[in-house]
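1. fold the following, please.
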Amino acid sequence: MESPIPYGTVVSGGETQTISFALRFPQPVEEVWAAVATPGGLACWLAAAAPFEQRQGGEITLRWLDPDEHGAATVAPGRVTGWGPSRLAEYTVDAHGRIRFELIADPGRAADDASGTRLRFTNELAAPYSAALRHLAGWHQHFECLAEALSGRSADWRAWNLERWRALHGAYERAR
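-> Numbers count the residues shown, from 1 in each chain. Predicted coordinates:
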C-alpha cells in the first residue's frame with residue numbers, strides 16, 4: 001500500500017533515539033492544532049488524553065486506543081513539557097519519552113492554493129535502535145490516521161489491524 005505519509009527517520013544518539021517526521025497537510029494550522037493538542041482531536045487518530053491540562057507543566061495521560069503486537073494498549077502518564085498555543089505541543093510521557101509537534105503555516109504554492117500546515121514531529125526516547133524502529137512504524141501508521149482524521153474520518157479502533165504496522169516495520173527494517 002502506498003502511503004500518503006513520507007517516511008520518517010531515526011537518528012541514534014547512543015541510548016537515546018530521535019524519531020522525526022516532516023509532514024504537510026492541506027488543512028490550516030488551526031485544524032491540525034486541534035488534532036494534536038486537544039483531547040477530542042487526539043482520540044481521532046492517536047490516543048485518549050485524560051487528564052490533559054493544556055498548559056506548560058500540565059498533567060497528561062495518553063491511553064493508546066490501538067493494541068500493540070502483543071495485544072496490549074499503552075497507557076503513558078506524563079507532563080506537558082512544551083506549550084505554545086496553536087504552534088507547539090510537547091508531551092513527555094512514560095513509554096514514549098518526549099513527543100513534540102511543531103506547526104508552521106504553509107501558504108499554497110499557486111495563487112489558488114489554500115494555506116496548509118507543515119508539521120515537524122520528533123519523538124526522543126530512551127530505547128535501543130530496534131525499539132525505535134517499532135515506534136517509527138507505529139508513528140507512521142498513526143500519521144496515516146491523522147491524515148484521515150483531518151479529512152473527516154476518525155480511526156475505527158475496533159477495526160485496527162496490525163498487518164499495516166507489520167508492513168511498515170518491515171519497510172523501515174529493510175531501509176536501515
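
2. confidence score at the residue lying closest to Val80 once chain neighbours are set aside?
-> Excluding the flanking residues, the one nearest Val80 by C-beta to C-beta, 6 or more residues apart in numbering is Gly58, at 4.2 Å. The way it works is simple: take the backbone N, C-alpha and C, and place the C-beta from them, glycine included. Listed pLDDT for Gly58 reads 98.

3. how many neighbours does Gly58 have?
-> A count of neighbours around Gly58, defined by other C-beta atoms under 10 Å, yields 15.

4. wait, what's in contact with it?
-> For Gly58, the contacting residues are Phe52, Arg79, Val80, Trp83, by C-beta atoms under 8 Å, 6 or more residues apart in numbering.

5. these into a markdown table, with extra columns for secondary structure, pLDDT and distance to Ala22?
-> Compiled in a markdown table, the contacts of Gly58 are given as follows (DSSP: H, G, I helix; E, B strand; the rest coil; pLDDT from 0 to 100; distance: C-beta to C-beta, whole Å):
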| residue | secondary structure | pLDDT | distance to Ala22 |
| --- | --- | --- | --- |
| Phe52 | strand | 98 | 26 |
| Arg79 | strand | 98 | 26 |
| Val80 | strand | 98 | 23 |
| Trp83 | strand | 97 | 22 |
